[in-house]
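K.L.:
Fold the following and give me the result.
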Amino acid sequence: MILTQDIPASVFGLPTNGARITFAELINEEGNKVQFYKVLGEIYPVDTTAPVINFQINLPLKWNGKLVHLGGGGFNGYLITGLGRVPCEGERKPTALERGYATCGSDSGHVNTTFWDISWALNDECLENFGYAHIKKVKDVASYIIYKHYGSSAEKVFFVGSSNGGREALMAVQRYPEDYDGVVVGYPVFNWTAKILADYRNMKFMDEAGPEGFISAEQFIEAYAKVREFFEEQGCMKNGLVQDLEKCELLKEEAFLRMRKVLSQTQIDVLKNFYKPMEFEYELANGVKQMQGFSIVQQFCDYKLHPFGKIPGARDGLFAKTVDAIIRYQILRNENADIKSFNYREHKKEVQNLSNIMDATNPKLSAFQAKGGKVLMAHGTSDQLLSLHAIIDYYNQVVRYFGEDKAENFIKLFLMPGFGHDYGEVFNVHADMLQILDNWVENGVAPKEIIAEDQNEATYGRTQILKAFK
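P.N.:
Alright, predicted model coming up:
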């Protein structure tokens, strides 16, 4: 086994000051399902005021010759150990490591003191590490250690992630196509900057509407129940699961009328703003000039997650707190910035700078497609945070760029009815995404449909068939 040692900067395809293995030990405890070497280390920045990238690599004794790189979530800032599960993988299934994959993860180059303190982003190298560079650096060090340990390189390398980790998966494909053979992209925040600008617009509209425009979790849940009841009557939903997305969208205005039984007209007007697209007055990275609105089928609020907050005007919900942190530390790069007076039109340079670092919106995946890479995307129809229309639009851009026949041979999008952001109150999806991706890459078996199992206790084991989006 490779012991604690320094790793030269020449190992990395991006600038670093090298790395060091700080811990390496065989994990062979009683009750463990797999014996493996746990390797911890640090990648040193060029800017000595920037934090290190902490990483973990797990090397199973019975290795299948493949590497799985696991992405993060939220603002990262905690170590992804590589011991966890891939997106939509049930708790009762073996992990990637237990199946014989070497695995790796990192903290992306910073440690959060609290979730909302992202002052680390004031450092340029730290922000770039978070945006994209840590992906390449961690993969490079993992490849080096794997070769040193096993005496051979990984035959296949996969990246799997959801939410921000899903964005990282797309970033891996777009920036480092030669490094990966396949990716699982779970409900990605791929349009990071555009989403923040739209969320800012939406929360500003809610704040300006005053207490009369605020929507509590209880109100939204009751209003959405009316929408669900209406869609069930119309046959475009069944047992809370979307059956016909297009029909639901066509019935949107009638759905708003049903909400009117619970919400005031002012509240309806606020809500409608979330469903509207936002047109930008200048281009973001990759020519993006629009952020799509939410779909009428998306349930913003449930009993676990309520992005609007608890107190009118307090900006204490997930939407507002995320917006405030990103505008302050990632766009304006000023911890004393006045968020309420922010106008994106006046900060073109700063907005475009962040977009170039964070956004994984490029549909021109030619290098990845040419090498035979595969992209497996999945998104819940009940996602509380991310626009369903946005991921569909990105997928359609890829299809238009390559043509349908060529596109379907390397990229698939599966919508997951009843699944939200990381869990599903109506249908908590389990599907073996890693196995599906591996089979596609290794054997050329493109998934046309996926049998998903519900992991909710009351309905555990029921199934639905997810069909590839067209």
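
K.L.:
and the gap between residue 234 and residue 412?
P.N.:
Separation of residue 234 from residue 412 (CB to CB, to the nearest Å): 28 Å. Heads up, the C-betas are built off the backbone N, CA and C, glycines and all.

K.L.:
Spell out for me which residue occupies the centre of the chain.
P.N.:
The centroid of the chain falls nearest to residue 163 when counting by CA atoms, centre = their mean (1.9 Å).

K.L.:
Surely that residue touches residue 186?
P.N.:
Yes: the pair residue 163 / residue 186 is scored as a contact, 7.1 Å apart, by CB atoms under 8 Å.

K.L.:
Between residue 234 and residue 412, which has more neighbouring residues?
P.N.:
Neighbours were counted for residue 234 and for residue 412 using other CB atoms under 10 Å; residue 412 has more, 24 against 16.

K.L.:
could you pull out the strands for the stretch 351-470 of the chain?
P.N.:
For the stretch 351-470 of the chain, applying DSSP state E, counting those that start in this stretch gives strands covering 374-380, 411-416, 429-430, 449-454, 463-467.

K.L.:
Quick check: buried residues in stretch 20-40?
P.N.:
Neighbour-count burial for stretch 20-40, counted by 16 or more other CB atoms under 10 Å, picks out 21, 24, 27, 34, 36, 37, 38, 39, 40.

K.L.:
Any stretches of the protein with poor pLDDT?
P.N.:
1-4, 30, 303 (pLDDT under 70).

K.L.:
hmm, back to that, tell me the contacts of the residue nearest to the centre of the chain?
P.N.:
Going by CB atoms under 8 Å, 6 or more residues apart in numbering, residue 163 touches 73, 74, 186, 187, 188, 189, 385, 386, 421, 422.

K.L.:
Can you list the helices and strands that whatever helix or strand the third one lives in packs against?
P.N.:
Following DSSP states H and E, the helix or strand that holds residue 186 is strand 182-188. Contact here means 3 or more CB pairs under 8 Å, 6 or more residues apart in numbering; DSSP states H and E; on that basis strand 182-188 packs against strand 156-163, helix 164-175, strand 374-380, helix 433-443.

K.L.:
The shortest one versus strand 156-163: what angle between them?
P.N.:
The one in question is strand 374-380. Put simply, strand 374-380 runs at 20 degrees to strand 156-163, going by axes from the mean of the first three to the mean of the last three CA atoms, to 10 degrees.

K.L.:
Can you tell me how far residue 16 is from residue 54?
P.N.:
14 Å.

K.L.:
Looking at the two, which is more packed in?
P.N.:
residue 16 (25 against 22).

K.L.:
measure the more buried one to residue 145 for me?
P.N.:
Counting by CB to CB - residue 16 and residue 145 are separated by 15 Å.

K.L.:
Then residue 352?
P.N.:
For residue 352, the distance to residue 145 - CB to CB - is 37 Å.

K.L.:
Same drill for the two, tell me which one is more crowded.
P.N.:
A side-by-side neighbour count of residue 352 and residue 145, using other CB under 10 Å, places residue 145 first with 25 against 17.

K.L.:
Show the contacting residues for the more buried one.
P.N.:
2, 21, 39, 57, 59.

K.L.:
is the last one in a bridge, and if so with what?
P.N.:
Using DSSP bridges, the bridge partners assigned to residue 59 are residue 37.

K.L.:
how close does it get to residue 147?
P.N.:
Distance from residue 59 to residue 147, by CB to CB: 11 Å.

K.L.:
Compare neighbour counts for the two and give me the winner.
P.N.:
Per other CB under 10 Å, whichever of residue 59 and residue 147 has more neighbours is residue 59, with 25 against 13.

K.L.:
right, and residue 205 touches residue 275 too?
P.N.:
No: the criterion here is CB under 8 Å, and residue 205 misses it with residue 275 at 12.0 Å.

K.L.:
Next, count neighbours for residue 194.
P.N.:
When neighbours are defined as other CB under 10 Å, residue 194 has 24 of them.

K.L.:
Please read the previous query as pertaining to residue 400.
P.N.:
A count of nearby residues for residue 400, using other CB under 10 Å, gives 11.

K.L.:
And this protein, what are its domain boundaries?
P.N.:
For the chain, the structural domains run 6-191+361-467, 194-358, going by automatic domain parsing.

K.L.:
Check the strands of the stretch 351-470 of the chain for me and report the most buried one.
P.N.:
strand 374-380 (a mean of 27; mean count of other CB atoms under 10 Å).

K.L.:
which residues does residue 69 form a beta bridge with?
P.N.:
Going by DSSP bridges, residue 69 forms beta bridges with residue 104, residue 159.

K.L.:
Who are the contact partners of it?
P.N.:
103-105, 135, 138-139, 142, 157-160, 172, 180.

K.L.:
In TSV, list those residues along with neighbour count and distance to residue 256.
P.N.:
Below are the contacts of residue 69 laid out as TSV (neighbours: other CB atoms under 10 Å; distance: CB to CB, whole Å):
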residue	neighbour count	distance to residue 256
103	29	46
104	26	47
105	27	43
135	25	41
138	29	46
139	24	47
142	28	50
157	24	47
158	27	42
159	28	40
160	28	38
172	27	40
180	24	43
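
K.L.:
quick one: which of these is nearest residue 115?
P.N.:
Distance to residue 115 across the contacts of residue 69 (CB to CB) is lowest for residue 105, with 18.4 Å.

K.L.:
Surely that closest one touches residue 82?
P.N.:
Yes: under the criterion of CB under 8 Å, residue 105 makes contact with residue 82 at 4.4 Å.

K.L.:
Which residues are in contact with each of the two?
P.N.:
56, 70.

K.L.:
Adding distance to residue 271, write the helices and strands packed on strand 182-188 out as JSON lines.
P.N.:
Output for the helices and strands packed on strand 182-188, formatted as JSON lines (distance: least, CB to CB, whole Å):
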{"stretch": "strand 156-163", "distance to residue 271": "23"}
{"stretch": "helix 164-175", "distance to residue 271": "26"}
{"stretch": "strand 374-380", "distance to residue 271": "20"}
{"stretch": "helix 433-443", "distance to residue 271": "33"}
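
K.L.:
Which of the ones you listed sits closest to residue 294?
P.N.:
Closest to residue 294 of those is strand 374-380 (CB to CB; 12.3 Å).

K.L.:
Report the strands that pair with the closest one, each with its relative direction.
P.N.:
Partners of strand 374-380, by DSSP bridges, with direction: strand 182-188 (parallel), strand 411-416 (parallel).

K.L.:
Residue 463 contacts residue 449, correct?
P.N.:
No: counting by CB under 8 Å, residue 463 sits too far from residue 449 to count as a contact (11.4 Å).

K.L.:
Between the two, which contacts overlap?
P.N.:
Residues touching both residue 463 and residue 449 (CB under 8 Å, 6+ apart): there are none.

K.L.:
measure the nearest residue to residue 393 once chain neighbours are set aside to residue 430 for me?
P.N.:
Nearest non-adjacent residue to residue 393, counting by CB to CB, 6 or more residues apart in numbering: residue 292, 5.6 Å away. Residue 292 sits 28 Å away from residue 430, taking CB to CB as the criterion.
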